[in-house]
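Novice: missing the sequence, but the structure's below:
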Ligand code: NDP
């Protein structure tokens, strides 16, 4: 069926406009003060311990994938005193906190789960569930000796370069005050939960919690998928329909006496097609170097020029293949940026029409089906993939309460008001996401003070400045482990982290070999890198045309600093090739070893 692009675009615009709010990010509530209990750890009690006042060679802030893979590579390179500082009660980061029923990775386990080959773990499913991913985090911790020195339930409060001892001084909320010669920071983009700023939220007298602090004591069940048996006589509301809600709604729908799903913007939900991984097949493919080959193949197919073979074959590589196929139909002389954008947009329209048509084939209530359709480009919001979410709206217990883009009006003592109707409930579950687009220092809970008392917040006041997203001038012996200003590959964040981890370990090894006490990117090299980044196509997500959300600063102009939230101009695959060459040359061009 031919797609009427203009009609679609006006529908997209109208749906976006309905959702624009003047308060943008300020609409959300921080989990501080009277909301602080929403952020407490429901899984592991905090144990008393003596503060640390010693010195380590390498410290890392964050015990999620970034800290684990970097810690592992640095330990493997011979550094025996690696200390990871983590606010959760164990390793895992996102996977420590997010234990809601149905939590599962959205990128194929074979490329998403780090260090599979090194740990000898075979993922049980194409898209592994959270407990298996958390177990992999712990396995990495054990295998690379990272538990020995780790500080859990510990939040960094201050990081300062101490020139007198050529080391970072680290202070925490547990009274620690120790030094580290080298420091890594990998706190992740989505680690601070937020609540919707709905009037009356503090008045509710029933039970409530955020999805990243799931209260199994209240719901029954467990993260392995045991039924939430304590909900059978409960009326439950879930606010939010993002990637988290998509995964936990089917479990709630099966368990609750009544489930109300409060929707402001529907997610796009494509086919998941999860399947178990066959041990015989895995034994066949798991030859030395297999995971690196799979990583490179996924990235090449998703964010590069495409490879002959597509090992992962999922929604991510499918979208990219369609775009490439369309571009390939253009004669070379017509491959202008505008024509390429049009090809991208056509593929997107086609894909989204398919996703919307899928809703009609699954959801029996035609009115609900209409409301579950997403009217925006697929990458305007996090694309979702699930085979039970839309089906949950066929359960007699489940009611979709669509708010036509306006959101929940009010929370009362007894429940929720939306569209002028009060829904009385026993429990409200907030699937309202995490802080994004707020100040790094606010989210992280600390600023960094580099050489000559330079604060990171000052150095980045006009936008991020780094080389490779890792090294920052004025902040010696410091490594950021994250995607921005590097590959910026969002479809598989761990690939960014594993490559950065190898680099950090090699640089520390090189500093030790050269007998250098300090490593720092030169100002000139940092400026040249940023200049190079700015020659690229700019930000691929976050368009102001998109429906509001955390991808586009809730539809508000993010200001000039956002133009630096970009990656290598030639794309992720090209970046990883470049980075490998850069570190393997042994020159580490742009870094000064002193
Ligand atoms: P999101 O920020 O994606 O979703 C928050 C939800 O809350 C949105 O549906 C939002 O609506 C809704 N909301 C906020 N305020 C109100 C209000 N006042 N009234 C009604 N609804 C409201 O959070 P998630 O936790 O779902 O996901 C965050 C990110 O975490 C994902 O985008 C993804 O990157 C990651 N994730 C990854 C997973 C994976 O890989 N397996 C699984 C889960 C999450 P609106 O859209 O209108 O703003």
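Specialist: Everything's here; your move. This one's a predicted model, so the numbers in the text were calculated from it and none came from an experiment.
Novice: all contacts plus neighbour counts: C-alpha atoms, from now on.
Specialist: OK.
Novice: show me what contacts residue 451?
Specialist: 161, 162, 163, 474, 475, 476 (CA atoms under 8 Å, 6 or more residues apart in numbering).
Novice: Can you tell me which of those is nearest the ligand?
Specialist: Closest approach to the ligand among those (CA to the nearest ligand atom): residue 475, at 29.2 Å.
Novice: Quick check: the gap between the closest one and residue 166.
Specialist: With distances taken as CA to CA, to the nearest Å, residue 475 is found 11 Å from residue 166.
Novice: who's more crowded, those two?
Specialist: Each of residue 475 and residue 166 has its neighbours counted (other CA atoms under 10 Å); residue 475 has more, 25 against 16.
Novice: you'd agree the more buried one is up against residue 519?
Specialist: No. Here residue 475 lies out of contact with residue 519, judged by CA atoms under 8 Å, at a distance of 9.1 Å.
Novice: What parts of the stretch 151-300 of the chain come near the ligand?
Specialist: Proximity of the stretch 151-300 of the chain to the ligand is confined to 196, 198, 239-245, 262-265 under the rule CA under 6 Å from any ligand atom.
Novice: One more: the stretch 351-500 of the chain?
Specialist: 382, 407, 408, 431, 432, 433, 434.
Novice: please redo it, this time with the cut-off set to 8 Å
Specialist: Counting by CA under 8 Å from any ligand atom, the positions of the stretch 351-500 of the chain adjacent to the ligand are 381-383, 403, 405-409, 430-434.
Novice: want to try a markdown table for those, with neighbour count and secondary structure as columns?
Specialist: Below are those laid out as a markdown table (neighbours: other CA atoms under 10 Å; DSSP: H, G, I helix; E, B strand; the rest coil):
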| residue | neighbour count | secondary structure |
| --- | --- | --- |
| 381 | 24 | coil |
| 382 | 17 | coil |
| 383 | 18 | coil |
| 403 | 17 | coil |
| 405 | 17 | coil |
| 406 | 16 | coil |
| 407 | 21 | coil |
| 408 | 24 | coil |
| 409 | 17 | coil |
| 430 | 25 | strand |
| 431 | 26 | coil |
| 432 | 21 | coil |
| 433 | 24 | coil |
| 434 | 18 | strand |
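Novice: how about the residues you listed in TSV, adding pLDDT?
Specialist: As requested, these are exported to TSV (pLDDT from 0 to 100):
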residue	pLDDT
381	92
382	91
383	92
403	98
405	96
406	95
407	96
408	97
409	97
430	98
431	98
432	97
433	95
434	93
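Novice: For those residues, work out which two are farthest apart.
Specialist: Maximum pairwise distance among these (CA to CA): 26.4 Å, between 383 and 409.
Novice: Just give me the closest of the residues of the stretch 351-500 of the chain next to the ligand to residue 364.
Specialist: residue 403 (20.0 Å).
Novice: My read is that that closest one contacts residue 417, right?
Specialist: No. The criterion here is CA under 8 Å, and residue 403 misses it with residue 417 at 10.1 Å.
Novice: Domain ranges for the chain, per the record?
Specialist: Taking automatic domain parsing as the reference, the chain has its domains at 5-30+194-268+344-430, 55-192+437-593.
Novice: after the helix-or-strand element of the chain with minimal mean pLDDT, next one along is what?
Specialist: Using mean pLDDT, DSSP states H and E, helix 440-444 stands out as the lowest-scoring helix or strand of the chain, at a mean of 75. Using DSSP states H and E, the helix or strand that follows helix 440-444 in sequence is strand 448-449.
Novice: Run through who's touching that next one.
Specialist: Strand 448-449 has contacts (CA under 8 Å, 6+ apart) with 158, 159, 160, 161, 455, 456, 457, 475.
Novice: buried residues in the helix or strand containing residue 354?
Specialist: According to DSSP H and E, residue 354 maps onto helix 337-362. Neighbour counts over helix 337-362 (16 or more other CA atoms under 10 Å) mark 340, 343-349, 351-353, 355-356, 358-360, 362 as buried.
Novice: Report all helices and strands that that helix contacts.
Specialist: With contacts defined as 3 or more CA pairs under 8 Å, 6 or more residues apart in numbering; DSSP states H and E, helix 337-362 has these neighbours: strand 269-270, helix 315-328, helix 366-371, helix 389-392.
Novice: Could you pull up the mean pLDDT of it?
Specialist: Taken as a whole, helix 337-362 carries a mean pLDDT of 91.
Novice: and the angle for it with helix 315-328?
Specialist: Put simply, helix 337-362 runs at 130 degrees to helix 315-328, going by axes from the mean of the first three to the mean of the last three CA atoms, to 10 degrees.
Novice: picking that back up, hmm, which of the residues of the stretch 151-300 of the chain next to the ligand are the buried ones?
Specialist: Counted by 16+ other CA under 10 Å, those give 196, 198, 239-245, 262-265 as buried.
Novice: With distance to residue 441, pLDDT and secondary structure added, can I get the residues you listed in CSV?
Specialist: Listed next are those as CSV, based on distance: CA to CA, whole Å; pLDDT from 0 to 100; DSSP: H, G, I helix; E, B strand; the rest coil:
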residue, distance to residue 441, pLDDT, secondary structure
196, 21, 96, strand
198, 25, 96, coil
239, 28, 98, strand
240, 26, 97, coil
241, 28, 98, coil
242, 26, 97, coil
243, 26, 96, helix
244, 25, 98, helix
245, 28, 98, helix
262, 32, 98, strand
263, 31, 98, strand
264, 29, 97, coil
265, 29, 97, coil
